[in-house]
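Q: Sequence plus the predicted model coming up.
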Amino acid sequence: MRASARRAVLSAIVLTGAAVILPTASAAPSSGRSRFAGALFGKSCLQAPPTFASVDQAASSAGYQVFQNRMIGAGAHQKEWLVPIMPKAAPLLLSVISGPSRNGASNITVCGVSVLGASGPGLQQALSANPRLGRPRKIIAGPHGGTQVYWAVPFGGATKSPDAQVILAYGLPGTQLDQIDLILQTPQ
């Protein structure tokens, strides 16, 4: 794919998960994309409680190309990187957002991976195979399509933290993009 065409396609990727349309020939097999996305999420977001600095350092050390780096809302910082999988395949998007909660009593960090052309059930299987997550605690199938899967995350011990959860959203109507996010709330 030419650089100008790639920029045009990638400019369609937004944080809200808007639909991204890529030629199907450019996608890696969905099972491979699901496993790669699950592994990237585990390495980037689950090894320790993620911070903006730790995700930024890991992505920079890996040589991922910065896609977006901006301040949003009331003091939140967002940074996204393109993570190549294989030639001619759409890259994954690794992202981190960190900022104060609405009442300012805590900090919210969201570490996530967006993937196009994966298998939602394959992503769920890849995440469930991670010993840090295991079985999902809740699965919600939307009335108009789409599924959300939730896991509690143990950080700092064997018990699941009530302030950290992983959410996988796939098959949502109007989008081909699947999203995995870890949401962590820590005191200020």
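A: Noted; the coordinates are in hand.
Q: Select the helix or strand of the protein having the lowest average pLDDT value.
A: Comparing every helix and strand of the chain by mean pLDDT, DSSP states H and E singles out helix 3-10 as the least confident one, with a mean of 29.
Q: packing partners for whatever helix or strand comes next after it?
A: If you walk from helix 3-10 toward the C-terminus, the next helix or strand you reach (DSSP states H and E) is helix 30-41. Contacts defined by 3 or more CB pairs under 8 Å, 6 or more residues apart in numbering; DSSP states H and E place helix 30-41 against strand 92-100, strand 106-116, helix 120-128, strand 177-187. For the C-beta atoms, the positions are set from N, CA and C on the backbone; glycine is no exception.
Q: okay if I get those as CSV plus mean pLDDT, distance to F41 and mean neighbour count?
A: Converted to CSV, these look like this (pLDDT from 0 to 100; distance: least, CB to CB, whole Å; neighbours: other CB atoms under 10 Å):
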stretch, mean pLDDT, distance to F41, mean neighbour count
strand 92-100, 95, 8, 22
strand 106-116, 93, 5, 22
helix 120-128, 94, 7, 20
strand 177-187, 90, 5, 20
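Q: May I see these organised as TSV, with distance to Q57 added?
A: Output for these, formatted as TSV (distance: least, CB to CB, whole Å):
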stretch	distance to Q57
strand 92-100	11
strand 106-116	13
helix 120-128	23
strand 177-187	17
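Q: Surely A90 is in a helix?
A: No - note on A90: no helix contains this position according to DSSP: H, G, I helix; E, B strand; the rest coil, which reports coil.
Q: ok, it to P84 distance?
A: When distance is defined by CB to CB, to the nearest Å, A90 is 10 Å away from P84.
Q: Please say which of the two ends up with more neighbours.
A: Between A90 and P84, counted using other CB atoms under 10 Å, the more crowded position is A90 (25 against 12).
Q: Test my guess that the more buried one contacts L116.
A: Yes - distance between A90 and L116: 4.9 Å, which falls inside the contact criterion (CB atoms under 8 Å).
Q: low-confidence ranges in this protein?
A: Judged against pLDDT under 70, the low-scoring parts of the chain cover residues 1-29, 156-162.
Q: at 50 what do you get?
A: Per-residue confidence for the chain (pLDDT under 50) gives these ranges: 1-27.
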